[in-house]
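1. Pasted the sequence and its predicted model underneath.
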Amino acid sequence: MLGLKAKVTWFNSEKKFGFAVPDVVPIDVLIDLSSINLANMELALGQRIYVEIETPDDGGFRATSVIPL
């Protein structure tokens, strides 16, 4: 698991998911707040966050933890 500072690039408040891009590497990280027990959290476009990332077997990058900065 890798932890990085990132910026929210898109977020759907109704569905509680979106994407962020880490500062150090230009990748899209999926943020699904309902799957990491943070369904009450709200994120905004451009918001700075600390995100822990994993690479699931099906590819891509997924957040396992999100902390607002």
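-> Everything's here; your move. Note that the structure is a prediction, hence the values are computed from the model and not measured.
2. residue ranges for the strands of the chain, please.
-> Listed in chain order, the strands of the chain (DSSP state E) span 2-12, 17-22, 29-32, 48-54, 62-68.
3. Partner strands of the second one, with direction?
-> Okay, so that is strand 17-22. When pairs are called by DSSP bridges, strand 17-22 turns out to pair with strand 2-12 (antiparallel), strand 29-32 (antiparallel).
4. Using JSON lines, lay out these together with distance to Met41.
-> C-betas here are computed from N, CA, C, even on glycine. Supplementary listing: the strands paired with strand 17-22 in JSON lines, determined by distance: least, C-beta to C-beta, whole Å:
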{"stretch": "strand 2-12", "distance to Met41": "10"}
{"stretch": "strand 29-32", "distance to Met41": "10"}
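5. The residue nearest to the spatial centre of the chain - nearest residue in space that isn't next to it in sequence?
-> By C-alpha atoms, centre = their mean, the chain has its centre lying nearest to Ile31, at 3.5 Å. Spatially, and ignoring its direct neighbours in sequence, Ile31 is nearest to Ala63 (4.6 Å; C-beta to C-beta, 6 or more residues apart in numbering).
6. got the contact list for that neighbour?
-> Going by C-beta atoms under 8 Å, 6 or more residues apart in numbering, Ala63 touches 20, 29-32, 36, 51-53.
7. on that earlier part again, give me the beta-bridge partners of the residue nearest to the centre of the chain?
-> Note on Ile31: beta-bridge partners Gly18, judged by DSSP bridges.
8. For the remainder of this discussion, apply numbering that starts at 52.
-> Yes, from this point I'll number from 52; that puts the last item at Ile82.
9. Please tell me how far it sits from Ser116.
-> From Ile82 across to Ser116, the span is 10 Å (C-beta to C-beta, to the nearest Å).
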